[in-house]
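based on what follows, work out the 3D shape:
(2 chains)
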There are 2 protein chains.
Amino acid sequence: MPETLRTGIVTNAAGREVPEVVNGRARVPFRGVGAYRPEGNKHAPPIATCADFPADGDKRATDLRTALESAGLRDGMVISTHHHFRDGDLIARQIFDLAAEMGVKDLVWAPSASFPCHAPLIRHLESGVIHHIEGSMNGPLGDFCSTGRMRGTGILRSHGGRYQAIQDGDLRIDIAVIAAPTADAFGNATGDRGPSACGLLGFALADSQYADHVIVVTDNLVPFPCLPWQIQGNYVDQVVEVDRVGDPSKIVSGTTRVTNSPERLLIAENIARLVRDAGILRPGFSIQAGAGGISLAFALFLREMMRDPEVKRRLGVEEDVRASFVRGGSNRYLVRMLEEGLTPCILDGQTFDLEGVRSMRENPTHVNTSPFTSYNYHGKGNFASLVDVTVLGATEVDVDFNANVVTHSDGKLLHGIGGWQNCLFGRCVVLAVPSVRDRIPVLVDRVTTLVGPGELIDVVATERGIAINPRRQDLLDALRGSDLPIRDIREIKEDVERLTGGPPAPPKLADEIVATIHWVDGTVIDAVRGVLA
Amino acid sequence: MPETLRTGIVTNAAGREVPEVVNGRARVPFRGVGAYRPEGNKHAPPIATCADFPADGDKRATDLRTALESAGLRDGMVISTHHHFRDGDLIARQIFDLAAEMGVKDLVWAPSASFPCHAPLIRHLESGVIHHIEGSMNGPLGDFCSTGRMRGTGILRSHGGRYQAIQDGDLRIDIAVIAAPTADAFGNATGDRGPSACGLLGFALADSQYADHVIVVTDNLVPFPCLPWQIQGNYVDQVVEVDRVGDPSKIVSGTTRVTNSPERLLIAENIARLVRDAGILRPGFSIQAGAGGISLAFALFLREMMRDPEVKRRLGVEEDVRASFVRGGSNRYLVRMLEEGLTPCILDGQTFDLEGVRSMRENPTHVNTSPFTSYNYHGKGNFASLVDVTVLGATEVDVDFNANVVTHSDGKLLHGIGGWQNCLFGRCVVLAVPSVRDRIPVLVDRVTTLVGPGELIDVVATERGIAINPRRQDLLDALRGSDLPIRDIREIKEDVERLTGGPPAPPKLADEIVATIHWVDGTVIDAVRGVLA
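Next comes the predicted model:
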């Protein structure tokens, strides 16, 4: 049991000081990987009846305001949105502008993630329309939260953690608003087609299943049945037509372009070599390569190796090395692997470019998945632990392989967790990180914020060498004789500090907790302190 | 509120005497269509955790017995199976043979339906291994129940009613056993491929979502990921390999062949003419034509009309009349309509022949649906009420258009409800019935068992004429001038009675209630009395 430090602050199993109560609700401190056992039952939404819905299936409301009024929008409610449009979301802002017009206060916004396009919501955070955000905060909203200006405490969860929290009744959504590129009047909806096609809608699955009231918003209403029904109309209360539901051109962002930095390309190539030399690259292997320039480049290098005659000779196979599946964040590179037959399928959680959208629409083996199938830790298993090699990023990694993806060394909360924590359950987890960013070392003695425990991180790949977690003796053994630049993580860190003149300056932090970071099982793994101006 | 008659027996809103308590649990008597409002929340299964499941996703158990032991099989549990193999099911018998071996008693069997192939389970009903059946009973098990030999009271629900009961926690399943033609070791499963392919697995959806413990049994284990995952492995506890999971050749039965009786063909043709003449046949219309020889023949006649130049001329269209969707029970005739472009999709709840299986496997617009999407009355709408014309059968229809599908006039319970009650919510519901069966009139003064209220039944089509429900003045108006043999239902009945020498002999029934018939909202619409020898 964690020891109580100051009032309501305890040290959790990872040695981090976390609050016992967040936004008025008791929270369980992190107990260690796999150590917390959930009790009780899943959240049980109210039973609906067809008697309350139109027999002709036409659930259209005049406009979003009418729909919010019918949903009974009132002070203190939890409103959710999804982020499949990433920086091209157009709906979240409309919801809270309407809430402000309607004089509603103290709402909780529970997006699956927020982006710079949501900066206009700061006004509603300041005025009290929104009390706090439960969801990843990328950019301006994270900055706002960091400086202690949000009324409540931000709660950051992974994609799987969000599904878990909704499923388990920890995050109870009153009204879910689902922006849908195509939908019918019954509420069946899909993201893979229509003028605003964004791919899939898996981040909104939990919202559709568990929210009390579900509103689908679309700019492409089609006759029943909308196929495929990624979101099932049987969960939907109302459908609203708007002129434009999102800007899909904005789903492509800096994290979805291949790096052209020679140092980062080196990292990517080294990871591909590691996968090859450690024997992970073999027929039927599987990878997850998400967003981020290095990760994309890794997929390209790996593709070359899967077709490399020398690799095939060593493996004793005639044909190209075929994966059993690849997981994405899909993009044109994974789509090419699918279309070339290098993988029989893409299990896709989020399309990162329009090639991904096209492929999902056209190819039944480009499968839309959800945090339920892929990441929910409170399920009967999930897909993340079945992946042979997973390449991820980080803002900081410490000498015990603990990693941070949400804050920088100055303490500022600028990034969400995404599926990052969930992916740590892969069989070989590689963090691909430059050793220095903006002259600040990425390798540190102790991460500013603990998001992923070192015991789950197997490899840290920098341009100055590759560090293997000493817990993975099997991997070290497999790589004996490899000409990869394998080094001790502390050595790489010392190199970097010689270059930068020392470790990063300690962040200037307030005592005040502005956000909590939740582990995949809902426990609190760390707290984020406010940044002093 | 219903008036209490004998102890525990009340008269419900349909005038039927039903028990207030069934198998020890209080039940709500039928209150009228749309009149009962559910309270409370959906059933909430226990929260699982990945910590309890193998990280490599391999959930295989040695054999079915081991799996049942791990699941903690014990006295009084509720065990469910699905009926997608119809009379070719091979798994249910194995489960209860094993339960008998293990010395377990008083189980409740909750199949989505039972068939003649399940006659061997009578031994387990007699010995007390099975206490009673909650599920449709086609043939021998219905006969067994009818004669008062089942220890508990049988509970018959529609497909949608079964989903509703499981969703609402009325029917709580301890162990679901899902026979799957193809599955991976994680538990993802599909019915559309593999040596025993039976089409889809939608009847097992609720079981997978809500049962405490889910076992997938397959004879075709494939590497992860099994695609499509009609059943999601994240709901599955264990996977068992067996030699043979079912006999798909048996999914074709008497109810899935087109009639060759001239009288029944006449009925089918008249219904198609009615659909045409009433203006229901128009671009974008929709039909449900389920199993049953007349229903299949109707689909064939309708197809001709959709391509008929005269029909197109009258509708002012150039192209063949295309539906917006057709619902099945799919079969070769619906598949042909899909492949000819007469419908953009089949929304399929159950494949009735191997052409249906093939089409579902090959064509993404041959969609596998479930009782959740199609029939669940305690959802936010369902598909059944969106269908323009639905053709169904019945064992008896009375002069108020009330109908029976479960018992014959001698009182014997020999049929299940299937999706029949759910389909009554279609916009034009046609019962296609011969006026006489085995020299016994089908049109009666009062149905032996009330399964569907007359207010939902619009047309009764017999070879002696077509009766339109007087409540449907709009339909009568639309058909004014048609040369269809439209007659008063009482006139047709009198004709028949002249032929047969009078109405059917009243059944010889005991006081004892052997089964209850539940309406789509879970209320008790009628009770089935034991048949005296």
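
for the stretch 351-500 of chain A, what lies in contact range of chain B?
When proximity is defined by CB under 8 Å from any CB of the partner chain, the stretch 351-500 of chain A lies next to chain B at A:364-365, A:367, A:372-373, A:376-383, A:385-386, A:425. All C-beta atoms are positioned from the backbone trio N, CA, C, and that covers glycine.

for burial, what's the neighbour tally of A:L392?
Burial of A:L392 is recorded as 27 neighbouring residues (other CB atoms under 10 Å in any protein chain shown).

and it, how far from A:I417?
Look at A:L392 and A:I417: by CB to CB, to the nearest Å, they are 11 Å apart.

what's the answer for A:R151, then?
A:R151 is 22 Å from A:I417, by CB to CB.

about what we covered before: just the buried residues out of the residues of the stretch 351-500 of chain A next to chain B, in PyMOL syntax.
To isolate the buried members of those in PyMOL, using 16 or more other CB atoms under 10 Å in any protein chain shown:
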select buried, chain A and resi 365+367+372+373+376+377+378+379+380+381+382+383+385+386+425
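
can you flag which of the residues of the stretch 351-500 of chain A next to chain B belong to strands?
Mapping these onto strands (DSSP state E) picks out A:V367.

before we move on, the earlier item: so between A:R151 and A:I417, which is more surrounded?
Using other CB under 10 Å, the more surrounded residue of A:R151 and A:I417 is A:I417, with 24 against 12.

average model confidence for the biggest strand by length in chain A?
In chain A, assigned by DSSP E, the strand with the most residues is strand A:509-518. Strand A:509-518 comes out with an average pLDDT of 96.

hmm, A:R86 is touching A:I251, no?
Yes - the pair A:R86 / A:I251 is scored as a contact, 4.7 Å apart, by CB atoms under 8 Å.

the longest strand of chain A pairs with which strands?
Neighbouring strands of strand A:509-518 in its sheet, by DSSP bridges, are strand A:154-156 (parallel), strand A:524-531 (antiparallel).

buried sites along it?
By 16+ other CB under 10 Å, the buried positions in strand A:509-518 come out as A:L509, A:I513, A:V514, A:A515, A:T516, A:I517, A:H518.

for the second one, give the beta-bridge partners.
Bridge pairing for A:I513 (DSSP bridges) gives the partners A:R529.

which ones are touching it?
By CB atoms under 8 Å, 6 or more residues apart in numbering or on different chains, A:I513 lies in contact with A:P19, A:T153, A:A527, A:V528, A:R529, A:G530.

ok, now the last one?
Contacts for A:H518 were tallied using CB under 8 Å, 6+ apart; they are A:I155, A:L156, A:R157, A:S158, A:G161, A:A165, A:V524, A:I525.

which of those residues are buried?
For the contacts of A:H518, a neighbour count by 16+ other CB under 10 Å gives the buried set as A:I155, A:L156, A:R157, A:S158, A:G161, A:A165, A:V524, A:I525.

how about these in CSV, adding pLDDT?
Compiled in CSV, the buried ones among the contacts of A:H518 are given as follows (pLDDT from 0 to 100):
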residue, pLDDT
A:I155, 98
A:L156, 98
A:R157, 98
A:S158, 98
A:G161, 98
A:A165, 98
A:V524, 98
A:I525, 98
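
which of those residues sits closest to chain B?
Nearest to chain B among those, counting by CB to the nearest CB, is A:A165 at 11.4 Å.

isn't the closest one up against A:R172?
No - here A:A165 does not reach A:R172: they are 9.1 Å apart, not a contact under CB under 8 Å.
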